[in-house]
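Enquirer: fold the stuff below for me.
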Amino acid sequence: MFGRLRLLAIPVVAGLATVAGCGSDGSDVASPGRPADGAGLYEAACSACHGSDLRGTGLGPALLSRVYEPSHHPDDSFRSAVANGVQAHHWNFGNMPPVPGLSDGEIDLIIAHVREVQEREGFID
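Expert: The predicted structure is shown next:
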């Protein structure tokens, strides 16, 4: 019975990590079976605030904005935001807390996904 409960708990924990993906409570987004691709990692760690389509939510800004082009916010800005959080300066969503639990490689995969979508949507020349 406990083995079955443990299997049922994994999706619940993963779902809670997605809800807490903004990092607001310091929850770790790591979970067994976490996706190994940028799109899946973005969905798990970022979409709750920045939207599944990168168009933002009531909790965070759209990453499909000229503000987040590489010439204005290079990849290191994204890395710093994940590691250290960000003081609100472009939008009125409040401060972004750090997002714990992502490796450097996973952060790079997320950034690559964001850049790919930005390029596809015409935000990168």
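
Enquirer: going forward, measure contacts between C-alpha atoms and count neighbours the same way
Expert: Will do.

Enquirer: ok, residue 57 - contacts?
Expert: By Cα atoms under 8 Å, 6 or more residues apart in numbering, residue 57 lies in contact with 48, 49, 50, 51.

Enquirer: so of those, which ones are in helices?
Expert: 48, 49, 50 (DSSP state H).

Enquirer: between the residues you listed, which is closest to residue 38?
Expert: Proximity of the ones in helices among the contacts of residue 57 to residue 38 (Cα to Cα) peaks at residue 50, which lies at 14.5 Å.

Enquirer: what helix or strand is the residue lying closest to that closest one once chain neighbours are set aside located in?
Expert: Closest residue in space to residue 50, ignoring its immediate chain neighbours: residue 56 at 4.0 Å, by Cα to Cα, 6 or more residues apart in numbering. For residue 56, there is no host helix or strand (DSSP states H and E).

Enquirer: most neighbours out of the contacts of residue 57, which is it?
Expert: Of all the contacts of residue 57, the highest neighbour tally under other Cα atoms under 10 Å goes to residue 49, namely 25 neighbours.

Enquirer: wait, isn't it in contact with residue 58?
Expert: Yes. At 7.3 Å, residue 49 counts as touching residue 58 under the criterion of Cα atoms under 8 Å.
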